[in-house]
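[1] Following is a predicted model, sequence given first.
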Amino acid sequence: AQTVTQSQPEMSVQEAETVTLSCTYDTSESDYYLFWYKQPPSRQMILVIRQEAYKQQNATENRFSVNFQKAAKSFSLKISDSQLGDAAMYFCAYRSKYSGGGADGLTFGKGTHLIIQP
Amino acid sequence: ETGVTQSPTHLIKTRGQQVTLRCSSQSGHNTVSWYQQALGQGPQFIFQYYREEENGRGNFPPRFSGLQFPNYSSELNVNALELDDSALYLCASSARGRWSYNEQFFGPGTRLTVL
């Protein structure tokens, strides 16, 4: 079974600064997806960014980028130019590449609470 | 395009009772997944429904059951409620494709409190 570990329960950053959230995972599979989700106080889980394991290039979405280290099983999220609206819980998640047999179920970490200080 | 909706928003039940939570999937989606998120934790996968059949389950007992209807909406049923069942229940819909990426879109959740 896969596991996802987020070792930072809470992080704080000044508005406009850069912050990095850490995530490690464990799997015996060679091909899979990794995700970062944002959950604001409204509770709705929103996809921030995803990475396919077979792609060596790190994914980027505007101010959000990842540092994917497959051998180390590490998947960190960097948020540049932090904004007040970035304040939320951030969850790292894993999903097997192939559909069927429950493989579409996401495995989440425990989350990191990100605080943005004005 | 209508997103994923869930009802009710909040629910209070007593230990031993049964509860039904509902989810309407996003237009064009044929797969629904359910997750349980205890306070301060990440969501845990309960099960997934595809074409009206359960298609994979996480580590949850049989008293957690579900249904998917022809319009792809879904229900989560929990029997013999226990205090530890108190959680936020999230529903996510997606469009299944065996070799393609199928993003899961989440609903706002139902907050269940068991007293």
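    Structure received. Numbering: from 1, shown residues only, chains lettered A, B, ... in the order given.
[2] So which elements touch the helix or strand harbouring residue B:111?
    For residue B:111, the element it lies in under DSSP states H and E is strand B:110-114. The elements that strand B:110-114 packs onto, with contact taken as 3 or more CB pairs under 8 Å, 6 or more residues apart in numbering or on different chains; DSSP states H and E, are strand B:10-13, strand B:19-24, strand B:87-94. Where C-beta positions appear, they are placed from N, C-alpha and C, glycine not excepted.
[3] Given the shortest one, what are its sheet partners and their directions?
    The reference is to strand B:10-13. strand B:110-114 (parallel) (DSSP bridges).
[4] With adjacent residues omitted, what lies nearest to residue A:48?
    Computed as CB to CB, 6 or more residues apart in numbering or on different chains, the closest residue to residue A:48 that is not its neighbour in sequence is residue A:36, at 4.4 Å.
[5] Give me the next element, helix or strand, following the strand or helix carrying that neighbour.
    Counting by DSSP H and E, the element that carries residue A:36 is strand A:32-39. Counting by DSSP H and E, the element after strand A:32-39 in chain order, helix or strand, is strand A:46-52.
[6] quick check: angle from that next one to strand A:32-39?
    160 degrees (axes from the mean of the first three to the mean of the last three CA atoms, to 10 degrees).
[7] Look up the residues forming beta bridges with the spatially most central residue of chain B.
    For chain B, the residue nearest the mean C-alpha position is residue B:34 (2.9 Å; CA atoms, centre = their mean). In this entry, residue B:34 is beta-bridged to residue B:47, residue B:91, by DSSP bridges.
[8] Residue B:93 is in contact with that one, correct?
    No. Contact between residue B:34 and residue B:93 fails when scored by CB atoms under 8 Å: they sit 10.6 Å apart.
[9] hey, what's in contact with both of these two?
    residue B:23 (CB atoms under 8 Å, 6 or more residues apart in numbering or on different chains).
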